[in-house]
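Enquirer: After the sequence you'll find the predicted model.
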Amino acid sequence: MLVPILGGVGWWYFREQQMPDYGPAFREFAYVSNGKSNTVSVIDLRTFEPAKTIAVGIEPTGIAANSKKNEIYVVNTGSNNVSIIDAEKNAVVATIGVQGRPYFIDVSEDGKRAYVANSGSDNVSVLDLEKRSLLGNVRVGSSPGLARVSPDGATVVVSNRSDNTVSLIDAKLLRVRATLPLCQQPEDIAILPDSSKAFVTCSGSSQVASIALETGKAIGKNNGGTGDKVLALLDVGRTPVSLALKPDGGELVVCNFDSDSISFIETGNDEVGSSALIGQHPTHAVVTLDNSRLYASNFGSNSVAVYDIDNGRRIATVAVGSRPDGLALSQDQNYLLVLDTQAGDVTVIQKRAPRKLEPTEYSLLTMIPVGLQPNAIVVKAFRMTAPAKK
């Protein structure tokens, strides 16, 4: 009789905390693009269970959420189009054609436009998300990998991998206002919250470029002159592949794939501060909203590193599935979702208050199967606009 009682007490003590109850209209889903399944997996983050599998285009890669409406956008590299998913129905409601070999999509803060760099046709497709249509295509440099729109909506920064340049598109006029020579093989892009600077990783020269942007209020002034210019080329570790900006904009974290490290860049003065070994082949990082913790996926060691930013040290390493890559945090910041690209699943790591019998702050909650070759993940938390079905 004692064993069942002790077992029940143990379950009660070690049980994982439930998600907050935001009411019957609240939804929170994670969306995962599955490149070899031609699907998007939907995970219900209220229960951490698979909710639906949605058929999209061929070879889905990049995925993004609209902050102003309940929609998700999926880039289909193989079919050269974008699927629009209604998050309330979890169904594809429209498909917009773009051009050759798109990989990523970025959505403006007002939720009205999206930008897709087409690596195979050397241009950027501009999408009108209200009309769900193609607004136009803007010619840029060679093999553009990523187009990222500034928070003020005025500038689209495009990294042109094959000709080592960035194109800066005037989002109002839909034309390139500047093309800047850069370092070798520019890839990922981060833009400061005030839209004053962009930072670009250059994986071929182990550098990050700092670029001054002419902000929205200044564009068109000074006789049409531009304030766009390269400010500095900052040396970091080998093969910098991605950037994670602290929400306050003060520091930028660089994942150096072949140095097994992260570098911190002070965005105000363009100086590389500290660097830290983080794990084998880090690919992506994400910073919590309170700017205190950083999580990095270690592609080569099947783990996630937890770095305490305030104390400047790694405080935990959590084993996950095979070849972890993309990361996303739940709305309450207590759950980290890790995309295991080779294993075809999502590992969920829980952050909790340490207790006497369980002193660790982080634990593996569950592993959720998705499709083949998951490429990207995004979280969308929202309230239903239509009445919730009982």
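Expert: Looks like it came in fine.

Enquirer: Strands along the stretch 51-200 of the chain, start to end?
Expert: Taking DSSP state E, counting those that start in this stretch as the criterion, the stretch 51-200 of the chain carries its strands at 60-65, 71-76, 81-86, 91-97, 102-107, 113-118, 123-128, 133-139, 144-149, 155-160, 165-170, 175-181, 186-191, 197-202.

Enquirer: Let me know the average pLDDT across stretch 203-214.
Expert: Mean pLDDT, computed over stretch 203-214, is 97.

Enquirer: Between the two ends of it, how far is it?
Expert: 25 Å (CA to CA, to the nearest Å).

Enquirer: Now do the buried residues in that stretch.
Expert: 203, 205-214 (16 or more other CB atoms under 10 Å). For every residue, glycine as well, the C-beta is placed using N, CA and C.

Enquirer: Could you dump the residues you listed into CSV and include secondary structure?
Expert: Conversion of those to CSV gives the following (DSSP: H, G, I helix; E, B strand; the rest coil):
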residue, secondary structure
203, coil
205, coil
206, coil
207, strand
208, strand
209, strand
210, strand
211, strand
212, strand
213, coil
214, coil
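
Enquirer: Out of these, the closest to residue 152 would be?
Expert: Nearest to residue 152 out of these is residue 213 (CB to CB; 9.2 Å).

Enquirer: now the helices: where do they sit in this protein?
Expert: For the chain, the helices defined by DSSP state H occupy 2-14.

Enquirer: give me the low-pLDDT residue ranges for the stretch 1-150 of the chain?
Expert: Residue ranges of the stretch 1-150 of the chain with pLDDT under 70: 1-21.

Enquirer: Let's see that with 50 instead.
Expert: 1-16 (pLDDT under 50).

Enquirer: about what we covered before: as TSV, the strands of the stretch 51-200 of the chain with mean neighbour count would be great.
Expert: Output for the strands of the stretch 51-200 of the chain, formatted as TSV (neighbours: other CB atoms under 10 Å):
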stretch	mean neighbour count
strand 60-65	23
strand 71-76	25
strand 81-86	22
strand 91-97	15
strand 102-107	23
strand 113-118	26
strand 123-128	22
strand 133-139	16
strand 144-149	24
strand 155-160	26
strand 165-170	22
strand 175-181	16
strand 186-191	24
strand 197-202	25
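
Enquirer: of these, which approaches residue 243 most closely?
Expert: Short answer: strand 186-191, nearest of the strands of the stretch 51-200 of the chain by CB to CB, at 4.1 Å.

Enquirer: which secondary structure elements does that closest one contact?
Expert: Where contact means 3 or more CB pairs under 8 Å, 6 or more residues apart in numbering; DSSP states H and E, strand 186-191 is packed against strand 144-149, strand 155-160, strand 197-202, strand 240-245.

Enquirer: Paired strands for the first one, with orientation please.
Expert: In other words, strand 144-149. Next to strand 144-149 in the sheet, as set by DSSP bridges, lie strand 155-160 (antiparallel).

Enquirer: now the strand it pairs with against strand 102-107, angle please.
Expert: 160 degrees (axes from the mean of the first three to the mean of the last three CA atoms, to 10 degrees).

Enquirer: Could I have the CA atoms of strand 155-160 written out in PDB?
Expert: Output in PDB follows, covering the C-alpha atoms of strand 155-160 (Å, rounded to 0.1, in the frame of the first residue of the first chain):
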ATOM      1  CA  THR A 155      14.200  49.700 -45.300                       C
ATOM      2  CA  VAL A 156      14.600  46.100 -46.400                       C
ATOM      3  CA  VAL A 157      18.200  44.800 -45.900                       C
ATOM      4  CA  VAL A 158      19.200  42.000 -48.300                       C
ATOM      5  CA  SER A 159      22.300  39.800 -48.000                       C
ATOM      6  CA  ASN A 160      23.700  38.900 -51.400                       C
END
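
Enquirer: what's in contact with that strand?
Expert: Residues outside strand 155-160 that contact it (CB atoms under 8 Å, 6 or more residues apart in numbering): 106, 115, 117, 122, 124, 138, 140-150, 166-171, 186-189, 191, 195, 198, 200, 211, 213-214, 216, 219.

Enquirer: re earlier: in JSON lines, list the strands of the stretch 51-200 of the chain along with distance to residue 256.
Expert: Output for the strands of the stretch 51-200 of the chain, formatted as JSON lines (distance: least, CB to CB, whole Å):
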{"stretch": "strand 60-65", "distance to residue 256": "23"}
{"stretch": "strand 71-76", "distance to residue 256": "26"}
{"stretch": "strand 81-86", "distance to residue 256": "31"}
{"stretch": "strand 91-97", "distance to residue 256": "36"}
{"stretch": "strand 102-107", "distance to residue 256": "21"}
{"stretch": "strand 113-118", "distance to residue 256": "23"}
{"stretch": "strand 123-128", "distance to residue 256": "28"}
{"stretch": "strand 133-139", "distance to residue 256": "32"}
{"stretch": "strand 144-149", "distance to residue 256": "18"}
{"stretch": "strand 155-160", "distance to residue 256": "17"}
{"stretch": "strand 165-170", "distance to residue 256": "20"}
{"stretch": "strand 175-181", "distance to residue 256": "23"}
{"stretch": "strand 186-191", "distance to residue 256": "12"}
{"stretch": "strand 197-202", "distance to residue 256": "9"}
